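Enquirer: give me the fold of what follows.
(one chain, ligands or ions: 1)
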Amino acid sequence: MKDLIKKLSEAFGPSGNEDEVRNIIKKEVKPYADSVKVDKLGNLIVRKKGKGKKLMFAAHMDEIGFIVSYIDKKGFLRFSNVGGLFPINLLHQRVMFKNGLVGVVGEEKRKDLKAVSPLDKLYIDIGAKSKEDAEKKVGVGEMAVFSREFRDLGDRVVGKAMDDRIGCVVLIEALKRVKNPVNDLYFVFTVQEEVGLRGARTSAFGIEPDYAIAVDVTGTGDTPEGWKSPLALGKGVAIKVKDWGMIASAYVRDRLVSIAKKKKIPYQLEVLEGGTTDGMVIEITKSGVPTGVLSVPTRYIHSPSELLDMGDVEATVKLLVEFSKERFN
Ligand SMILES: [Zn+2]
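Expert: Here you go, the predicted structure:
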């Protein structure tokens, strides 16, 4: 599983540019699927047919990124954010463009050394000597992502874009483990989550599932003087109760909890103050879809070094597989 995590973590896929990620996933799922299709927005919809209810599992393929908005006379690139790019995570990071071009994030001279420079005081330095020189390599509208290698730390792993390539890995692994599906399963790899849950909206509308589960990452409180949260790495899959954008279906949540108890899958309950997932929009699709969310506890979300525990990943896969076997009325 780690090889696949590495491949997906290092792939280039800011919102709206998910091709590379989609191609990797397509290859991976093909031998296990009854059908694989890409919808008009770019969502990858992988079906494993069964006679029961229509279940939709969703994980997003896109990652946060940078978009070039202006190139100055000296060849420095000004940029805007693609999704939740926090200025505190950016200074002196390396970024990469689709064609492999690498740049470094620099900042204007700060007036207050203690203050973090906002995005409009930052720029990307690609080593260009002039505007003309820069324009030979990159243009306005092109996107970049963090440039960072995946590393295996043993029980834990660290890399960029674990949000939400780890969710993609969970779905792929679950698909591989489901042999004779009880329900009609749709594994959906969505686009443009980081800019407003856009792919989940259209794919859920098209599929019209009876129940849905989104798989994504969530923050933890287990670091020094960290955020006040009981969520911790290594304590199992997080079953969402509430986040900023949704209250998970109590029915789905309770079923997930009872399966976890019965199958002895370690789990923790998640209440997240900020942030949300594809689950938010799937839940309010058409006349409503009872939706739950499984989260992989992750440290340093939306940074180039998102760190998580493989035991939690395994627990997430197991719970998703067991949920897929449930019989619903
Ligand atoms: Zn995410």
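
Enquirer: any idea how far K54 is from the ion?
Expert: The gap separating K54 from the ion is 24 Å, by CB to the ion, to the nearest Å. Just so you know, the C-beta spots here come from the backbone N, C-alpha and C atoms, and that holds for glycine as well.

Enquirer: right, and that residue touches I207 too?
Expert: Yes: contact status for K54 versus I207: in contact at 6.7 Å, counting by CB atoms under 8 Å.

Enquirer: can you name the residues bridging to I213?
Expert: I213 has these beta-bridge partners by DSSP bridges: F57, G292.

Enquirer: again, but for the one 4 residues further on
Expert: Beta bridges link V217 to V296, judged by DSSP bridges.

Enquirer: now the common contact residues for K54 and I207.
Expert: Counting by CB atoms under 8 Å, 6 or more residues apart in numbering, the contacts common to K54 and I207 are Y186.

Enquirer: ok, these two, which is more surrounded?
Expert: I207 (23 against 18; other CB atoms under 10 Å).

Enquirer: could you report the pLDDT at the more buried one?
Expert: The per-residue pLDDT reported for I207 equals 97.

Enquirer: run through the stretch 1-150 of the chain and note the low-pLDDT ranges.
Expert: Judged against pLDDT under 70, the stretch 1-150 of the chain has no low-scoring part.

Enquirer: ranges for the strands of it?
Expert: 35-38, 44-48, 54-60, 65-71, 77-82, 94-97, 102-107, 122-125, 143-146 (DSSP state E, counting those that start in this stretch).

Enquirer: redo the ones you listed as CSV? Include distance to K6.
Expert: Output for the strands of the stretch 1-150 of the chain, formatted as CSV (distance: least, CB to CB, whole Å):
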stretch, distance to K6
strand 35-38, 23
strand 44-48, 20
strand 54-60, 17
strand 65-71, 19
strand 77-82, 23
strand 94-97, 16
strand 102-107, 19
strand 122-125, 25
strand 143-146, 15
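
Enquirer: ok, which of those strands comes nearest D133?
Expert: Nearest to D133, of all the strands of the stretch 1-150 of the chain, is strand 65-71, at 9.9 Å by CB to CB.

Enquirer: what's around the residue of the stretch 1-150 of the chain found nearest the ion, how many residues?
Expert: Across the stretch 1-150 of the chain, the shortest distance to the ion (CB to the ion) belongs to H60, at 5.6 Å. By the criterion of other CB under 10 Å, H60 has 31 neighbours.

Enquirer: ok, now the one 5 residues further on?
Expert: By other CB under 10 Å, the residues close to G65 number 26.

Enquirer: measure the residue of the stretch 1-150 of the chain closest to the ion to K49 for me?
Expert: Going from H60 to K49 by CB to CB, to the nearest Å gives 24 Å.

Enquirer: let me see the contact set for the residue nearest to K7 when sequence neighbours are not counted.
Expert: Take K7 and drop its neighbours on the chain: the residue closest to it by CB to CB, 6 or more residues apart in numbering is I24, 5.9 Å away. Contacts for I24 (CB under 8 Å, 6+ apart) come out as K7, L8, A11.

Enquirer: where does I166 fall, secondary structure wise?
Expert: Using DSSP states H and E, I166 sits within helix 162-177.

Enquirer: after that helix, which helix or strand is next?
Expert: Counting by DSSP H and E, what follows helix 162-177 is strand 184-190.

Enquirer: does any bit of that following strand sit next to the ion?
Expert: No: judged by CB under 5 Å from the ion, strand 184-190 stays clear of the ion, getting no closer than 9.9 Å.

Enquirer: average pLDDT for the helix holding I166?
Expert: 98.

Enquirer: burial of the closest residue to G274 other than its chain neighbours, as a residue count?
Expert: Leaving aside its chain neighbours, G274 sits nearest to W244 (5.4 Å; criterion: CB to CB, 6+ apart). W244 has 11 neighbours, counted by other CB under 10 Å.

Enquirer: who does E63 bridge with?
Expert: Listed by DSSP bridges, the beta-bridge partners for E63 are P14.

Enquirer: check contacts around it.
Expert: Contacts of E63 (CB under 8 Å, 6+ apart): G13, P14, S15, G83, V145, K160, A161, D163, D164, R165, E194.

Enquirer: domains for the chain, by residue range?
Expert: 2-63+160-324, 66-146 (automatic domain parsing).
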